[in-house]
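**Q** Quick one: sequence plus predicted model below, questions after.
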Amino acid sequence: MGIAPDAIRDLLKENEDHVCPDAPDTCVRIVAIAELPTRFGDYQVVAFWSNSDKKEHAAFIHGNILEGEDVPVRLHSECLTGDAIGSLRCDCRDQLIESLERIGKMDSGIVLYLRQEGRGIGFANKIRAYQLQDSGYDTVQANELLGFRPDERDYGIAAHMLGSLHVNSIRILTNNPDKIRDLQEHGVKINGRIPVIVPPNAHDRPYLETKRRRMGHLLDLEQGDDLVGYPDRPSP
């Protein structure tokens, strides 16, 4: 059972004239909610509009998460080449599928899909970074050569989305400590981490190694079991 029809009407009603007096430059509004049966289970999709980046973001919800505690949440940033085309240069699609499959088997959970292509630098710049990587630079070096930080993403929008969905606390599906810190700085209560590790392939191993070595991601690239070797492994 997902969000009930009466609760959906209430959410849409409270978002009709939604304003953010405390953070007017980062305001997110729910604009539509619909049923979305998927190959990963029954979901509902929530469409958001953000005034800060003028983009549409999405939440894919399994079960009833309203007023939820310790709701499993995956924050996934858009990756056209990986998510849609199946690029082997990154693990984005694998992580998205793994998260949808896992949450689809739980009582409830959310996948937030954020329009932050290329770690926030945009699609064209991401391909420019790929071009530099083809010349031997790693992902961090490529971003810096283009004048960006290694990761330009901001999770203030994600925090606001969770607030709009009346989520009280979460357990986050991530390997990225910076994502946890950023969400906490935006007021999200995080009560645990669920690792999302997928085996590397011949093309994305350097990319994953850079995330582990230079960006502090919690990865063990030699483990096939995505829960082995982590002290905060959830109970079976």
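**A** Nice, thanks for sending it over.
**Q** where's R119 relative to R93, distance?
**A** 16 Å (CB to CB, to the nearest Å). Just so you know, the C-beta spots here come from the backbone N, C-alpha and C atoms, and that holds for glycine as well.
**Q** pLDDT score assigned to the residue nearest the centre of the chain?
**A** Nearest to the mean C-alpha position of the chain, by CA atoms, centre = their mean, lies L75 at 1.6 Å. Among the per-residue scores, L75 shows a pLDDT of 96.
**Q** does it really touch D178, like I thought?
**A** No. In this structure, L75 is not within contact of D178 by CB atoms under 8 Å, at 11.3 Å.
**Q** on that earlier part again, tell me which strands and helices the helix or strand hosting the residue nearest to the centre of the chain is in contact with?
**A** According to DSSP states H and E, L75 maps onto strand 71-77. Strand 71-77 sits against helix 92-104, strand 109-114, helix 117-120, strand 170-173, with contacts defined as 3 or more CB pairs under 8 Å, 6 or more residues apart in numbering; DSSP states H and E.
**Q** What are the buried residues along the helix or strand following the third one?
**A** Spelled out, that is helix 117-120. Along the chain past helix 117-120, the next helix or strand (assigned with DSSP H and E) turns out to be helix 123-134. By neighbour count on 16 or more other CB atoms under 10 Å, the buried set for helix 123-134 is 125-126, 128-130, 132-133.
**Q** what's the answer for stretch 142-160, then?
**A** 142-143, 148, 150-151, 153-160.
**Q** between these, which is nearest G187?
**A** A159 (6.1 Å; CB to CB).
**Q** and the residue nearest to the centre of the chain, what does it touch?
**A** 112, 114, 155, 158, 172, 174, 179, 183 (CB atoms under 8 Å, 6 or more residues apart in numbering).
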